[in-house]
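**Q** sequence first, then the predicted structure:
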Amino acid sequence: MIPTERFRAATDDTVTPFLFWSDVIPCLGGAALACPQCAAANLHLDTIHFAVPTEDHYTPTVGVSISSHTGTVTAGDEARHLHAGTNRGPMLAIGYWCENGCRGRIDLREHKGYLFASLHNLPQLDPLDLP
(Lines give C-alpha, C1' and ligand atoms only; values in the text may rest on other atoms or scores of the structure.)
Protein backbone atom coordinates (compact mmCIF):
# COMPACT_ATOMS: atom_id res chain seq x y z
CA MET A 1 0.00 0.00 0.00
CA ILE A 2 1.40 3.40 -1.00
CA PRO A 3 0.64 6.26 1.37
CA THR A 4 -1.36 8.87 -0.55
CA GLU A 5 -0.25 11.61 1.86
CA ARG A 6 3.07 11.63 0.03
CA PHE A 7 1.31 12.90 -3.08
CA ARG A 8 -0.93 15.50 -1.48
CA ALA A 9 -0.29 18.93 -2.98
CA ALA A 10 1.04 21.64 -0.69
CA THR A 11 -1.46 24.48 -0.63
CA ASP A 12 -1.86 27.71 1.26
CA ASP A 13 -2.18 31.39 0.31
CA THR A 14 1.39 31.58 -1.03
CA VAL A 15 1.90 28.46 -3.19
CA THR A 16 0.23 26.89 -6.20
CA PRO A 17 0.01 23.08 -6.41
CA PHE A 18 0.47 20.88 -9.45
CA LEU A 19 -2.81 19.63 -10.89
CA PHE A 20 -3.02 15.87 -10.43
CA TRP A 21 -5.16 13.92 -12.86
CA SER A 22 -6.54 11.49 -10.30
CA ASP A 23 -5.78 9.72 -7.02
CA VAL A 24 -4.69 6.62 -8.93
CA ILE A 25 -0.92 6.28 -8.58
CA PRO A 26 0.42 4.29 -11.55
CA CYS A 27 4.00 4.14 -10.27
CA LEU A 28 6.03 4.67 -7.13
CA GLY A 29 7.77 7.72 -8.62
CA GLY A 30 4.84 10.11 -8.56
CA ALA A 31 1.29 10.86 -9.57
CA ALA A 32 -0.02 11.53 -13.08
CA LEU A 33 -0.23 15.21 -13.99
CA ALA A 34 -3.28 16.63 -15.72
CA CYS A 35 -3.11 19.06 -18.61
CA PRO A 36 -2.87 22.52 -16.99
CA GLN A 37 -5.30 23.88 -19.59
CA CYS A 38 -8.11 21.33 -19.87
CA ALA A 39 -7.41 18.99 -16.89
CA ALA A 40 -7.39 15.93 -19.18
CA ALA A 41 -5.09 12.95 -18.84
CA ASN A 42 -2.54 11.90 -21.48
CA LEU A 43 -0.08 14.76 -21.06
CA HIS A 44 3.12 14.48 -23.12
CA LEU A 45 6.52 16.16 -22.87
CA ASP A 46 7.68 18.41 -25.68
CA THR A 47 10.94 20.34 -26.06
CA ILE A 48 12.84 21.14 -22.86
CA HIS A 49 14.84 24.41 -22.60
CA PHE A 50 17.49 25.36 -20.03
CA ALA A 51 19.36 28.67 -19.71
CA VAL A 52 21.85 30.02 -17.19
CA PRO A 53 22.72 33.72 -16.76
CA THR A 54 26.20 35.26 -16.79
CA GLU A 55 28.05 36.73 -13.85
CA ASP A 56 25.94 39.90 -14.12
CA HIS A 57 23.08 37.61 -13.00
CA TYR A 58 20.62 38.51 -15.76
CA THR A 59 22.01 38.07 -19.29
CA PRO A 60 21.72 34.41 -20.32
CA THR A 61 24.77 33.13 -22.15
CA VAL A 62 24.32 29.37 -21.99
CA GLY A 63 21.13 27.94 -23.41
CA VAL A 64 20.27 24.44 -24.61
CA SER A 65 17.14 22.80 -25.91
CA ILE A 66 16.38 19.07 -25.93
CA SER A 67 13.89 17.55 -28.37
CA SER A 68 11.61 15.01 -26.70
CA HIS A 69 11.11 13.27 -30.05
CA THR A 70 14.75 12.71 -31.01
CA GLY A 71 16.75 13.44 -27.84
CA THR A 72 18.79 15.94 -29.85
CA VAL A 73 20.48 18.61 -27.73
CA THR A 74 21.00 21.95 -29.45
CA ALA A 75 22.69 25.08 -28.16
CA GLY A 76 20.84 28.10 -29.36
CA ASP A 77 18.86 31.21 -28.88
CA GLU A 78 15.44 29.71 -28.10
CA ALA A 79 16.33 28.82 -24.50
CA ARG A 80 18.20 32.11 -24.06
CA HIS A 81 15.20 34.01 -25.46
CA LEU A 82 12.84 32.26 -23.00
CA HIS A 83 15.12 33.27 -20.11
CA ALA A 84 15.21 36.85 -21.44
CA GLY A 85 17.08 38.16 -18.42
CA THR A 86 13.99 38.12 -16.23
CA ASN A 87 15.57 36.25 -13.32
CA ARG A 88 19.00 36.00 -11.71
CA GLY A 89 19.25 32.21 -11.69
CA PRO A 90 18.78 29.33 -14.08
CA MET A 91 15.55 28.78 -16.02
CA LEU A 92 14.01 25.46 -17.04
CA ALA A 93 11.11 25.52 -19.51
CA ILE A 94 9.24 22.26 -20.05
CA GLY A 95 7.06 22.11 -23.13
CA TYR A 96 3.98 19.87 -23.12
CA TRP A 97 1.02 18.88 -25.25
CA CYS A 98 -2.09 16.84 -24.48
CA GLU A 99 -4.20 14.58 -26.65
CA ASN A 100 -7.01 17.17 -26.65
CA GLY A 101 -4.72 19.47 -28.66
CA CYS A 102 -3.58 21.77 -25.85
CA ARG A 103 0.01 22.98 -25.98
CA GLY A 104 1.97 24.95 -23.45
CA ARG A 105 5.03 25.38 -21.30
CA ILE A 106 5.81 25.17 -17.60
CA ASP A 107 8.64 27.54 -16.62
CA LEU A 108 10.70 27.15 -13.47
CA ARG A 109 12.84 30.17 -12.61
CA GLU A 110 15.20 30.77 -9.72
CA HIS A 111 15.51 34.32 -8.38
CA LYS A 112 17.18 35.35 -5.11
CA GLY A 113 16.54 32.08 -3.27
CA TYR A 114 12.99 31.53 -4.57
CA LEU A 115 11.87 29.08 -7.22
CA PHE A 116 8.97 30.41 -9.29
CA ALA A 117 6.70 28.34 -11.55
CA SER A 118 4.57 29.78 -14.33
CA LEU A 119 2.30 28.33 -17.02
CA HIS A 120 2.22 29.58 -20.60
CA ASN A 121 -0.44 28.53 -23.11
CA LEU A 122 0.67 28.10 -26.71
CA PRO A 123 -1.50 27.83 -29.85
CA GLN A 124 -3.64 24.67 -29.98
CA LEU A 125 -2.46 21.72 -32.05
CA ASP A 126 -4.48 20.71 -35.08
CA PRO A 127 -5.88 17.19 -34.40
CA LEU A 128 -4.17 16.03 -37.60
CA ASP A 129 -0.78 17.17 -36.21
CA LEU A 130 -0.98 15.14 -32.98
CA PRO A 131 2.00 12.74 -32.81
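**A** Sure, I can see it. Keep in mind that what you see is a predicted model, and the values were worked out from it rather than measured. Numbers count the residues shown, from 1 in each chain.
**Q** output the below-cut-off pLDDT ranges for this structure.
**A** 1-31, 57-58, 60, 85-86, 130-131 (pLDDT under 70).
**Q** max-length strand in this protein?
**A** Secondary structure of the chain read by DSSP state E shows that its longest strand is strand 43-53.
**Q** tell me what the next helix-or-strand element following that one is packed against?
**A** Next along the chain after strand 43-53, taking DSSP states H and E as the criterion, comes strand 60-66. The contact analysis (3 or more Cβ pairs under 8 Å, 6 or more residues apart in numbering; DSSP states H and E) places strand 60-66 against strand 43-53, strand 73-75, helix 77-83. Every C-beta, even on glycine, is put in place using the N, C-alpha and C of the backbone.
**Q** possible to save these as CSV with mean neighbour count and distance to Gly104?
**A** Listed next are the helices and strands packed on strand 60-66 as CSV, based on neighbours: other Cβ atoms under 10 Å; distance: least, Cβ to Cβ, whole Å:
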stretch, mean neighbour count, distance to Gly104
strand 43-53, 18, 9
strand 73-75, 11, 21
helix 77-83, 19, 13
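**Q** out of those, nearest to Val62?
**A** The closest of these to Val62 is strand 43-53. By Cβ to Cβ, the value is 4.7 Å.
**Q** residues making contact with the closest one?
**A** For strand 43-53, contacts defined as Cβ atoms under 8 Å, 6 or more residues apart in numbering pick out 21, 32-35, 59-68, 78-80, 82-83, 85, 87-99, 103, 131.
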